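Novice: No letters, just coordinates:
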């Protein structure tokens, strides 16, 4: 079970894929970064692996595969052979390679991707067994895999939610990069909302999730949305504190997607200082996932060195602020009952969940957050001044939140 998608931001491609591999048989499921131990869920299938599903065929072509690893490897080998010395993969080459496989194999694979011809200055949006959807804000997109239908609905809601928003400063390439981080952050956030609870996220029910990866096209080729920190802060209406609900560190080393995620069940309350809110998490609460294209490895207790190296690689941050609503099991069930609105993040869901996303380009003293790791504690420092600037209607006094957004 899988989902892969090709987004189109003003002609610039962004590829998205989940990491979960499951089989249609009940049994023990493995831990995943967004939810931790999944054995507490009564799933009708088993989560058996995590794998990277975006494949860099060559420096000018990236594909997202929904299908077996064996079939993907065979398909790539045939594509490289067919592209010859130029290395350019056109839609014609793409489709002719596809029809070299027998009918059974062809029905078992879904592919989306993009190939660039640097000599001609032409790009090819590639797709096989993928649904095309014309979306507001995102344009023509292609989605494949068992979770394609549900993911397409989520993308439609995401595109509708972006109508009227201000575009990022810069070229379409800069905007596409921002969208890669934004979509990646929201998907991980949606997937992990039920962290520590017994309610299964709708994405998992639909057979995709666990973790996500994104790649965006730039003038010098494809770049991964990597070197990333994701953290979520929340406060209840009338609360006098801000809580950290989850934190992830993500970077790529070679062909390995390294995800370090906190496995704590209860939100961590911030301690206010004159300048910051400080959240402290025991290093032992973090797990390290090494996700490759053919397998994954789980290291249940991350080390000081793991976190120190990840922090050193952090260049970008996506922060989600959730204000004015508490996601209880009852409210989630109510959302899920209303045409899966929870999954879709439609207008109603967005009205009660206030997102603030921030992308940090470089580490500096003036940055609104800082990560520090000691021998056994990871500290996240978030600027009170920055929080106040991002939350109109929220008042801070003596380090406490005294009025929440309404």
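Specialist: Great, that's in hand. Because the structure is predicted, anything quoted here is derived from the model rather than measured.

Novice: Please enumerate the helices of the stretch 51-200 of the chain.
Specialist: Using DSSP state H, counting those that start in this stretch, the helices assigned to the stretch 51-200 of the chain run over residues 69-83, 91-98, 103-107, 148-162, 172-191.

Novice: would you turn these into JSON lines with mean neighbour count?
Specialist: (C-beta placed from N, C-alpha, C; glycine too.) As requested, those are arranged in JSON lines below (neighbours: other Cβ atoms under 10 Å):
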{"stretch": "helix 69-83", "mean neighbour count": "16"}
{"stretch": "helix 91-98", "mean neighbour count": "16"}
{"stretch": "helix 103-107", "mean neighbour count": "11"}
{"stretch": "helix 148-162", "mean neighbour count": "20"}
{"stretch": "helix 172-191", "mean neighbour count": "22"}
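
Novice: right, so of those, which gets closest to residue 130?
Specialist: Among the helices of the stretch 51-200 of the chain, helix 148-162 comes nearest to residue 130, with 7.4 Å by Cβ to Cβ.

Novice: Not counting its neighbours along the chain, what's nearest residue 283?
Specialist: Counting by Cβ to Cβ, 6 or more residues apart in numbering, residue 283 lies nearest to residue 376, which is 5.2 Å off, once chain neighbours are set aside.

Novice: Next up, the contacts around the one you found.
Specialist: Neighbour list for residue 376: 282-284, 304 [criterion: Cβ atoms under 8 Å, 6 or more residues apart in numbering].

Novice: where's it relative to residue 304, distance?
Specialist: Plainly put, residue 376 is 7 Å away from residue 304 if you go by Cβ to Cβ, to the nearest Å.

Novice: Format the helices of the stretch 51-200 of the chain as CSV; extra columns: distance to residue 58 and mean pLDDT.
Specialist: Output for the helices of the stretch 51-200 of the chain, formatted as CSV (distance: least, Cβ to Cβ, whole Å; pLDDT from 0 to 100):
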stretch, distance to residue 58, mean pLDDT
helix 69-83, 7, 86
helix 91-98, 13, 89
helix 103-107, 23, 86
helix 148-162, 26, 79
helix 172-191, 20, 80
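
Novice: Show me what residue 66 is bridged to.
Specialist: In this entry, residue 66 is beta-bridged to residue 110, by DSSP bridges.

Novice: Just confirm residue 215 is within a helix.
Specialist: No: the assignment for residue 215, made by DSSP: H, G, I helix; E, B strand; the rest coil, is strand rather than a helix.

Novice: Run the angle between the strand ranked longest in the chain and helix 172-191 for me.
Specialist: Looking across the chain with DSSP state E, the single longest strand is strand 243-253. Comparing the axes of strand 243-253 and helix 172-191 via axes from the mean of the first three to the mean of the last three Cα atoms, to 10 degrees yields an angle of 130 degrees.
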